[in-house]
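>>> Pasting the sequence and the predicted coordinates here, then a few questions.
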Amino acid sequence: MDRLQNLETFVRVAETQSFAEAARQMRVAKSVVTSRIKQLEDYVGAPLFHRSTRVVRLSDVGQAFWRECAALVGRANAVMDQMRDAQTGPSGVLRVHALTGFVLGHFAALLRQFQASYPDIRLELIVSDAVVDPVKAGVDCALQIFPAASTELVSRPLFPVRRVFCATPRFLEENGTPRTPRDLHGFKLGLYSGYPSRDRWTFHHQGKEVTLYMNPALLTNSVHLLREYALEHAGIVCLPTLVAGEAILRGELQVVLAEHLLSAFSLNAVYAGTSRNAFKLRLFIEHITGAFGRVTPWDAQLIQRAILPEMLVTDA
């Protein structure tokens with residue numbers, strides 16, 4: 001019996017709550033997972049899971065050992081990775097899930113640079129607007145603006161995501177320009193549906209806060225669709241500056257209520273504390289944080305042109 005391999009299988013089943021999903025992630029047959037768990041159960045003399053047709057959950061014995069096993073497996077994988085990488089350099093597959101709106105347009109160059117530094121690491125980047133649990137999704141980390149969903153996950157901030165309301169000059173010329181946040185109620189709005197604050201919009205101005213609940217004409221989970229909607233002179237939209245920045249600099253979009261700041265979110269790397277690819281993941285996260293400082297390049301250009309104030313509010 002390969003105890004470490006069986007312990008890793010036990011941890012994967014416990015995290016995914018599924019024998020089939022654990023098998024998929026480990027790239028083995030489900031029967032292999034079942035056999036490994038049975039070997040462990042025979043060894044400890046007690047069931048590790050309660051199974052039904054719908055649910056797989058830890059038994060009392062399994063619950064007692066799970067955290068220690070997860071830490072042991074994570075540490076063992078990290079040590080083995082470091083030993084191998086010390087001889088040959090980091091290698092293998094790193095799987096990342098990322099929100100569409102927060103990687104398109106800026107991450108391709110970042111990935112090229114990362115692969116130039118670590119050519120033997122193969123990246124599998126899944127891009128979608130779904131918010132996922134990285135463990136259950138079978139990825140090493142998820143890049144998202146939501147914090148970690150459980151205490152079993154680690155959330156590492158990467159860079160701030162600043163948001164602005166904007167529209168085309170033509171739309172503002174034809175429909176007027178809002179002077180205060182409450183004026184937005186009189187305009188056709190396009191809003192993103194995926195922010196942690198949901199329908200609550202809090203503006204900060206001269207030490208005061210105004211919180212509004214707005215009824216948009218367009219509500220979508222695609223910030224890129226919102227940008228195209230605005231460029232069609234259809235309304236005022238709220239966009240992250242990393243999506244709207246270039247259009248604003250070209251004069252195609254114009255920021256409104258620039259002095260009424262919305263709270264910024266962080267793009268976070270969310271991952272299991274016992275990630276089996278901890279060393280490669282650390283290299284990837286450090287590469288991102290090293291490329292994007294506290295003031296991101298797209299924000300720096302807008303601040304330099306006096307389109308946005310330098311102040312950043314981050315208490316979302």
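Structure's in. What do you need?
>>> what does the host helix or strand of residue 154 contact?
Here residue 154 is covered by strand 153-161, with elements defined by DSSP states H and E. Residues from elsewhere that reach strand 153-161, judged by Cβ atoms under 8 Å, 6 or more residues apart in numbering: 102, 133-135, 143, 145, 147-148, 240, 242, 264-273, 285, 288-289, 292-294, 296, 299, 312, 314. C-betas here are computed from N, CA, C, even on glycine.
>>> helix or strand right after that strand?
Next along from strand 153-161, by DSSP H and E: strand 163-167.
>>> tell me what that following strand is packed against?
Counting contacts by 3 or more Cβ pairs under 8 Å, 6 or more residues apart in numbering; DSSP states H and E, strand 163-167 packs against strand 236-240, helix 241-249, strand 254-256, strand 261-262.
>>> how far out from the middle of the chain is it?
Centroid displacement of strand 163-167 relative to its chain, using Cα atoms, centre = their mean, to the nearest Å, is 22 Å.
>>> Which pLDDT value goes with residue 276?
Looking at residue 276, its pLDDT is 64.
>>> got it, and residue 200?
Model confidence at residue 200, given as pLDDT, is 84.
>>> count of neighbours near it?
Around residue 200 sit 12 other residues, with neighbours defined as other Cβ atoms under 10 Å.
>>> deepest of the helices and strands packed on strand 163-167, which one?
Scoring the helices and strands packed on strand 163-167 by mean neighbour count under mean count of other Cβ atoms under 10 Å gives strand 236-240 as the most buried, with a mean of 26.
>>> pLDDT weak spots in the stretch 1-150 of the chain?
Applying pLDDT under 70 to the stretch 1-150 of the chain flags residues 1, 78, 80-88.
>>> so residue 115 touches residue 121, yeah?
Yes. In this structure, residue 115 sits in contact with residue 121. The criterion is Cβ atoms under 8 Å, and the distance is 7.0 Å.
>>> thinking again about what came up before, minimum distance to residue 177: which of the helices and strands packed on strand 163-167 has it?
strand 254-256 (5.8 Å; Cβ to Cβ).
>>> Could you name the helices and strands sitting against that closest one?
strand 163-167, helix 169-175.
>>> tell me the average confidence for it?
Mean pLDDT, taken over the full extent of strand 254-256, equals 97.
>>> returning to what we had before: between residue 115 and residue 121, tell me which one has more neighbours.
In this view residue 115 and residue 121 are compared by other Cβ under 10 Å, and residue 121 has more residues nearby, 19 against 13.
>>> Is residue 272 in contact with residue 134, as I believe?
Yes. Under the criterion of Cβ under 8 Å, residue 272 is in contact with residue 134, at a separation of 6.5 Å.
>>> returning to what we had before: out of the helices and strands packed on strand 254-256, which one sits most buried?
Using mean count of other Cβ under 10 Å, the stretch among these with the greatest mean number of neighbours is strand 163-167 (a mean of 25).
>>> List of residues touching that one?
For strand 163-167, the external contacting residues (Cβ under 8 Å, 6+ apart) are 178, 184, 230, 233, 235-241, 244, 248, 253-258, 262, 264-265, 308.
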